[in-house]
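S.K.: build me a model from this:
(one chain, ligands or ions: 1)
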Amino acid sequence: MRMILLGAPGSGKGTQGEKLVAHYGIPKISTGDALRAAVAAGTELGKQAKATMDAGGLVANEIVIGIVEERLGQDDARKGFILDGFPRNTAQAQVLDDMLKRLGQPAVDKAVHLAVDDEEIIKRLLDRAQKEGRADDKEDVIRKRIEVYNAETHPLLDYYRAQGKVMTVDGVGSLDDIFNRIIKALG
Ligand code: ADP
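M.R.: The predicted structure is shown next:
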């Protein structure tokens, strides 16, 4: 299974991604997690990405593409993967298609879209801000991230619809209910 998780920030990609990892036994590749790890480790890449992330913008394509290519090239990703937070714009989606060809891997099978409305998203992210204190979970930055999602990432639904790969799942409800909807949609 080669799967992309699509959805606004706070739509549950990370949480459902972990459940899918356990279910399918394939790795999850999260560019957000990788970037936060680079920031925490103080690497050159982390230093380059930090200001953009804190402002809710998209980190340069070269940086995230490098992260994904490195990870997809590892052995455990050969039998499948779950992408969380990548691609985030059409350019990244095109690069991903080319990358898989270059690596001799089959194309993406499905793009799972977790549908959650803006009001619920803002509520969840403000709640997460209190619990986890992520640098980008502040109200003005949250609004910016939703704006960037709607402008840059939401259009990817059309990109994958054109390939017949989109499954939209209602992302509101209990974690188990949402997970079961995803599994059912994937067939
Ligand atoms: P969110 O919960 O907002 O979806 P993520 O953890 O996926 O957050 O990503 C956090 C931040 O990392 C993004 O706001 C962005 O700055 C950066 N980022 C993550 N993935 C990408 C990507 N594919 N392209 C560009 N920037 C990215």
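S.K.: how far does stretch 41-53 sit from the chain's center?
M.R.: Centroid separation for stretch 41-53 versus its chain: 19 Å, with C-alpha atoms, centre = their mean, to the nearest Å.
S.K.: quick one, what contacts the nearest residue to residue 68 once chain neighbours are set aside?
M.R.: Among residues not flanking residue 68 along the chain, residue 86 sits closest, at 5.3 Å (C-beta to C-beta, 6 or more residues apart in numbering). From N, CA and C alone the C-beta is placed, and that goes for glycine too. Listed by C-beta atoms under 8 Å, 6 or more residues apart in numbering, the contact set of residue 86 reads 4, 29, 31, 64, 67, 68, 92, 96.
S.K.: again, only this time at 6 Å
M.R.: 31, 64, 68 (C-beta atoms under 6 Å, 6 or more residues apart in numbering).
S.K.: just the element for it, please.
M.R.: Using DSSP states H and E, residue 86 falls within no helix or strand.
S.K.: show the model's pLDDT score for it.
M.R.: Looking at residue 86, its pLDDT is 98.
S.K.: what of residue 135?
M.R.: As predicted, residue 135 sits at a pLDDT of 85.
S.K.: report how many residues lie close to it.
M.R.: As a burial measure, residue 135 scores 13 neighbours (other C-beta atoms under 10 Å).
S.K.: any idea how far it is from residue 180?
M.R.: 33 Å (C-beta to C-beta, to the nearest Å).
S.K.: got the residues of the protein near the ligand?
M.R.: For the chain, the contact set with the ligand under C-beta under 6 Å from any ligand atom comprises 9-10, 31-32, 35, 52-53, 56-59, 64, 85-86, 88, 92, 136, 145.
S.K.: go with 5 Å
M.R.: 9, 31, 32, 35, 53, 58, 59, 64, 85, 86, 88, 145 (C-beta under 5 Å from any ligand atom).
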